[in-house]
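# quick one, structure for this:
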Amino acid sequence: MACFHRGNLGVAHTPISMSTATVSARTAYATLAVVIVSWGLMWTVSKLLLLYLTPLWATALRTVVGAAALLVISLLRGRLVWPVRGDLVPILSISLLHMCVFSILTHIGLQYVSAGRTVVLAYTTPLWVVPAAWYFLGERISRARAIGLLLGLTGLACIFNPVSFDWSDRQALFGNGLILLGAMCWAANIVIIRAHRWVTPPFELTFWQALLATVLLSMLAWSTDGLPEPAWDWELVALLAYGGIVGTAVGYWAMVIVNRALPASATSLGLLAVPVVGLLISKVVLNEAMDSGLLVGTVLIIGGIALDTLNWGRRPSRDGGQ
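Next comes the predicted model:
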């Protein structure tokens, strides 16, 4: 089977590579483990980037690096194609709701919230997908899914702990609220993508999504914050390189390998380890505190998402997950 080259951009037709071929289960699980660790570390990297850049420029420059890396990967793998009219929905949805709005809101929230707490709140996204998919897509909420949603919401209550939470701290309220809003925007993107009938495979569109996000984020950052004037050093370069190359480009490419080799339920359950890894890395690198409410809430949220994922895994999977 050959790669898709509709409207070829000067790329030769090449046989399908390891990035698109089905690999062994051992290789797929190893690749998934790499993705889990790299994405778990991303939240600490993002927190450190805010020491150098504003949230808008941190998001924009990371996306610039990611788009450039995705272009290189697509060219090397012979997978750069012109999008067609039927690709407009996933390009706009993922670029605007996920790469732009979700990233902006979580980066702003990171100024006021710990990296560990942020990754847990950001990964509540599947909890918001359940009611949205029921309302907009007519997906039935089974008993297991309802219990999973209840567990997740209980986990959120444990994290916020209304008794001990400082409701007078407006910055904390603002930061936590923005991150949850970002998770809801990501959920909206997932619902839109679920309803979309794919024309071009997901990875082939990733560069165009990142390119559009790069333009929009750069324009917004420039108009809002002016040109960035960070104290450039090797740490900043390394953080941007990691965020763009490893966290974005290589992460998307690796997930193509995983998604083609493993069942959707196995992949989704495996990705539940990302907030756990994010919590641990933020504790080690940033020495962030982890109170009992955060730990219990994390377990409940992951358990709720896992219950929903197992329930979804029993149904025929749909193509198009990012």
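
# C-alpha from now on. contacts and neighbour counts both.
Fine.

# report the buried residues of the helix or strand hosting Arg194.
Element membership for Arg194, per DSSP states H and E: helix 170-195. For helix 170-195, burial by neighbour count (16 or more other CA atoms under 10 Å) applies to 172-173, 175-194.

# tell me what that helix is packed against?
Counting contacts by 3 or more CA pairs under 8 Å, 6 or more residues apart in numbering; DSSP states H and E, helix 170-195 is packed against helix 88-93, helix 103-110, helix 115-122, helix 125-137.

# what sits up against the helix or strand following it?
Next in sequence after helix 170-195, counting helices and strands by DSSP H and E, comes helix 202-225. Contacts to helix 202-225, defined as CA atoms under 8 Å, 6 or more residues apart in numbering, come from residues 54, 56-57, 59-61, 63-64, 66-67, 70-71, 74, 79-81, 83, 87, 91-92, 94-96, 99-100, 227-228, 252-253, 256, 320-322.

# picking up where we left off before, I'd like the helices and strands packed on helix 170-195 laid out as a markdown table, including mean pLDDT and mean neighbour count.
Shown next, in a markdown table, are these (pLDDT from 0 to 100; neighbours: other CA atoms under 10 Å):
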| stretch | mean pLDDT | mean neighbour count |
| --- | --- | --- |
| helix 88-93 | 95 | 19 |
| helix 103-110 | 96 | 25 |
| helix 115-122 | 93 | 26 |
| helix 125-137 | 89 | 18 |
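
# need the ones you listed in TSV with distance to Val37, can you?
Compiled in TSV, the helices and strands packed on helix 170-195 are given as follows (distance: least, CA to CA, whole Å):
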stretch	distance to Val37
helix 88-93	26
helix 103-110	19
helix 115-122	13
helix 125-137	19
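
# out of the ones you listed, nearest to Ser46?
helix 103-110 (7.2 Å; CA to CA).

# that closest one versus helix 202-225: what angle between them?
Per axes from the mean of the first three to the mean of the last three CA atoms, to 10 degrees, the angle that helix 103-110 makes with helix 202-225 is 60 degrees.

# centre of the chain to helix 103-110, how far?
The chain centre lies 13 Å from the centre of helix 103-110; the measure is CA atoms, centre = their mean, to the nearest Å.

# same for that helix, what does it pack against?
Checked by 3+ CA pairs under 8 Å, 6+ apart, helix 103-110 has helix 25-49, helix 55-76, helix 115-122, helix 170-195 packed alongside it.
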